[in-house]
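Enquirer: my questions are about this predicted structure, shown below with the sequence.
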Amino acid sequence: MTKKVLIIGGVAGGATAAARLRRRDENAQIIIFEKGDYISYANCGLPYYIGGVIKNREALLLQTPEAMKTNFNIEVRVSNEVTKILPDEKKIEVKELKSGRVYEESYDRLIIATGSSPVKPPVPGIDADNIFTLWNVPDTDAIKKFLQERRPKTAAVIGGGFIGLEMAENLREAGLQVSLIEMQNQVMAPLDREMAEPLHENMLKHGVNLILGDGVKEFHHQDDRIRLELTSGRMVETDMVILSIGVRPNSGLAADAGIELNARKGIAVNEYLQTSVPDIYAVGDVIGVNHLVTGDRTMIPLAGPANRQARIAADNCCGDQKEYKGSLGTAVAKIFDLHAASVGLNEKQLKAAGKTKGEDYCTALISQRSHAAYYPGASMLTLKMIFEKSGKILGGQIVGRDGVDKRIDTLASVMKMGGSIYDLQELELAYAPPFSSAKDPVNMLGFVAENIIRGQVQFIEWNDLESMLADGGESNDFTVLDVTEAWEREMFSVPGSCHIPLGQLRGRMNELDKSRLIITYCAIGVRSYNAARILMQNGFERVAVLSGGSVFYRSGRH
């Protein structure tokens, strides 16, 4: 008997599962149900269409019902909303939205790929025709139409996550004045605060009115304008608003069918992506997954994991026993001319879990060129890695203009394979001056991490130095030592620092008090590390290096 597989939802999870099912079983009956009008579209590309970077709307539509039927012999029923799952009868109830007809469809296997929806909190005044979310093609069309017909001059983006940042950039590309309002003290939550600071600086440089640590209390409407009343009492006037506050899993259908959910209302699945009900699988944003670093269950709504889950669920529907082992949450975003990426855990998460820096984990923060400095076009990369003294890598973050993606992918690959900081040192990576350095920044992370573990270097963060300086500077038990050249010091110096260029340090170290903590710094940290090693091997027992150098220090202070 031919198997009959029903799939609820399209896009990354549902459409991918359907295509894989067909490649595995030419005779299976496969039906996709989608309550919207579009079965598969590039949701990650939507902001770039609004900004005009992607010119052709049709380029966003990856598959159509007609193409799925022609190419895969898969039936796609758009504008058909699944209203009930009846596990005992192995049926679903469906409403044909255009006619109102309600009917049932039986299944042998069922895959739930209902995804997630944007959070829209109950803020007074939030329901208006110039307040939008961006999650699907109709949302995109509505925003594009508003821009074309109403010609707004200003926009406010609420939320500094991936979509919020991309929308801020693309609305600026479209010529609007943009305010971005984020309740936390930073944008892009997967990054730690110091790694987000360059993004803040870059957004301000590109004309974004960045408002951090403030939320929306109420939307006031007057004619075609919106006055945003923030929790601080501040008022922001704008022509339109984009809500990008977060997402929640569309798990109501599963819950009503008695399928088990997790604490965050995601569908609970096992390693085979099976739900608590036999013959029902679930994939994508709607499910909880295993975090590969902590082993805990979490929600990671990203397209990459959803596609892999869909393939595995399809194979398991065909009788395989493939496991989805979990996710690291690897992600990258473009914010104007900077790229920011992350993988695994950040410090905020570790501290929230009660972990202590120095005891439970260490951090390495370095600044490196994207390729050989002597080859034109090299730009700065800031890389942060979090690791245990055992060498286990817990997470990483990278910000820069070039080469961010390949470095975070390398780090994620090593983590996925169970590698350590020592494996980073041994990676043999492609090198030519236009692409990298003989010691790639990822190799350097491994070298610096080993130095930290072995006690060959101690770092101090820029904000810790700021606090120390604020407490009295030279009157305290430390000296800040600038080892840059004289011309560099003329451009910038840390307040209260003394100056001995690296090349003169061996002959002048008697000018320093060995009983004090000596904090060395240079532009990016290479010379200051060399200075620290010179001092430590000449009887200075208390030496630390300013993490990330003066470049990072100046960015953080902004």
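Expert: That came through fine. Residues are numbered from 1 along each chain as shown.

Enquirer: just to be sure, Arg508 is in a helix?
Expert: Yes: judged by DSSP: H, G, I helix; E, B strand; the rest coil, Arg508 forms part of a helix.

Enquirer: the chain should start at 57 in everything you say after this.
Expert: Sure, I'll start numbering at 57, so the last one becomes Arg564.

Enquirer: so it makes contact with Ile556?
Expert: Yes: between Arg564 and Ile556 there is a contact under Cβ atoms under 8 Å: 5.1 Å. Every C-beta, even on glycine, is put in place using the N, C-alpha and C of the backbone.

Enquirer: which of the two has more neighbours?
Expert: Ile556 (19 against 10; other Cβ atoms under 10 Å).

Enquirer: low-confidence stretches in the chain?
Expert: Scanning the chain for pLDDT under 70 picks out the ranges 57-58, 528-531, 612-614.

Enquirer: quick one, strands of the stretch 207-356 of the chain?
Expert: Assigned by DSSP state E, counting those that start in this stretch, the stretch 207-356 of the chain shows strands spanning 210-214, 233-238, 265-268, 272-278, 281-286, 291-294, 296-299, 303-305, 336-338, 345-346, 353-354.

Enquirer: what helices and strands are in contact with the fifth one?
Expert: I take that to be strand 281-286. Packing contacts for strand 281-286, counted by 3 or more Cβ pairs under 8 Å, 6 or more residues apart in numbering; DSSP states H and E, involve strand 272-278, strand 291-294, strand 296-299.

Enquirer: can you list the strands that the second one pairs with?
Expert: For strand 291-294, the paired strands and their directions (DSSP bridges) read strand 281-286 (antiparallel).

Enquirer: same check on the longest one?
Expert: In the sheet containing strand 272-278, the strands it pairs with under DSSP bridges are strand 281-286 (antiparallel).

Enquirer: check which residues of the strand it pairs with are buried.
Expert: The neighbour-count check on strand 281-286 (16 or more other Cβ atoms under 10 Å) flags 282, 284-286 as buried.

Enquirer: cool, stretch 599-614 as well?
Expert: 599-609, 611-612.

Enquirer: please apply the same query to stretch 403-420.
Expert: 403, 405-406, 411, 417-420.

Enquirer: same check on stretch 156-174?
Expert: Quick answer for stretch 156-174 (16+ other Cβ under 10 Å): 161, 163, 165-172, 174.

Enquirer: show me which of those is closest to Arg80.
Expert: Comparing the buried residues of stretch 156-174 against Arg80 with Cβ to Cβ places Arg165 closest, at 11.9 Å.

Enquirer: how many neighbours does Asn326 have?
Expert: 12.

Enquirer: returning to that earlier point: adding secondary structure, write the buried residues of stretch 403-420 out as a markdown table.
Expert: Listed next are those as a markdown table, based on three-state DSSP:
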| residue | secondary structure |
| --- | --- |
| Glu403 | helix |
| Gln405 | helix |
| Leu406 | helix |
| Lys411 | coil |
| Tyr417 | strand |
| Cys418 | strand |
| Thr419 | strand |
| Ala420 | strand |
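
Enquirer: widest-spaced pair of the residues you listed?
Expert: Gln405 and Ala420 (17.4 Å).

Enquirer: residue contacts, Ile556?
Expert: 537-539, 564-565, 567-568 (Cβ atoms under 8 Å, 6 or more residues apart in numbering).

Enquirer: next: Ile580.
Expert: Applying Cβ under 8 Å, 6+ apart, the residues contacting Ile580 are 422-424, 436, 604-605, 607-608.

Enquirer: rerun at 7 Å
Expert: Counting by Cβ atoms under 7 Å, 6 or more residues apart in numbering, Ile580 makes contact with 423, 605, 607.

Enquirer: before we move on, what about Tyr577?
Expert: Counting by Cβ under 7 Å, 6+ apart, Tyr577 makes contact with 536, 538, 550, 584, 602, 605-606.

Enquirer: how about a cut-off of 10 Å?
Expert: 516, 518, 521, 536-540, 549-550, 553, 583-584, 587, 600-606, 608-609 (Cβ atoms under 10 Å, 6 or more residues apart in numbering).

Enquirer: what about it, distance to Cys554?
Expert: According to Cβ to Cβ, to the nearest Å, Tyr577 and Cys554 sit 11 Å apart.

Enquirer: which neighbours do the two share?
Expert: 536-538.

Enquirer: the host helix or strand of Glu122 - contacts with which helices or strands?
Expert: Assigned by DSSP states H and E, Glu122 belongs to helix 121-128. Contact partners of helix 121-128 among helices and strands, from 3 or more Cβ pairs under 10 Å, 6 or more residues apart in numbering; DSSP states H and E: helix 67-80, strand 85-90, strand 96-97, strand 117-119, strand 131-134.

Enquirer: mind checking those for the one nearest to Leu384?
Expert: That would be helix 67-80 among those, by Cβ to Cβ, at 17.5 Å.

Enquirer: off-centre distance for that closest one?
Expert: Remark: helix 67-80 is offset 26 Å from the chain centroid, using Cα atoms, centre = their mean, to the nearest Å.

Enquirer: ok, stretch 300-309 next?
Expert: That offset, for stretch 300-309, works out to 18 Å (Cα atoms, centre = their mean).

Enquirer: so which bits of that stretch are buried?
Expert: 300-307, 309.

Enquirer: go on, stretch 242-256?
Expert: So stretch 242-256, judged by 16+ other Cβ under 10 Å, has buried residues 242-248, 250-256.

Enquirer: and which of these is nearest Arg457?
Expert: Out of these, the member with the shortest distance to Arg457 (by Cβ to Cβ) is Pro254, at 10.1 Å.

Enquirer: can you put the buried residues of stretch 403-420 in CSV and add distance to Lys111?
Expert: What follows is the buried residues of stretch 403-420, written out as CSV (distance: Cβ to Cβ, whole Å):
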residue, distance to Lys111
Glu403, 41
Gln405, 39
Leu406, 43
Lys411, 48
Tyr417, 46
Cys418, 47
Thr419, 43
Ala420, 42
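
Enquirer: got a list of what Ser611 touches?
Expert: Contacts of Ser611 by Cβ under 10 Å, 6+ apart are 250-251, 253-258, 438, 455, 518, 604.

Enquirer: if you set the cut-off to 6 Å instead, what comes out?
Expert: Residues in contact with Ser611 (Cβ atoms under 6 Å, 6 or more residues apart in numbering) are 253-254, 257.

Enquirer: just to revisit the earlier point, farthest pair in the contacts of Ile556?
Expert: Asp538 and Met565 (14.1 Å).

Enquirer: between the two, which one's more packed in?
Expert: Asp538 (25 against 18).

Enquirer: tell me where the stretch 357-506 of the chain has strands.
Expert: Counting by DSSP E, counting those that start in this stretch, the strands of the stretch 357-506 of the chain are 387-391, 394-400, 418-425, 436-443, 449-456.

Enquirer: so which of those strands is the most surrounded?
Expert: With neighbours defined as mean count of other Cβ atoms under 10 Å, those peak in mean count at strand 449-456, which reaches a mean of 26.
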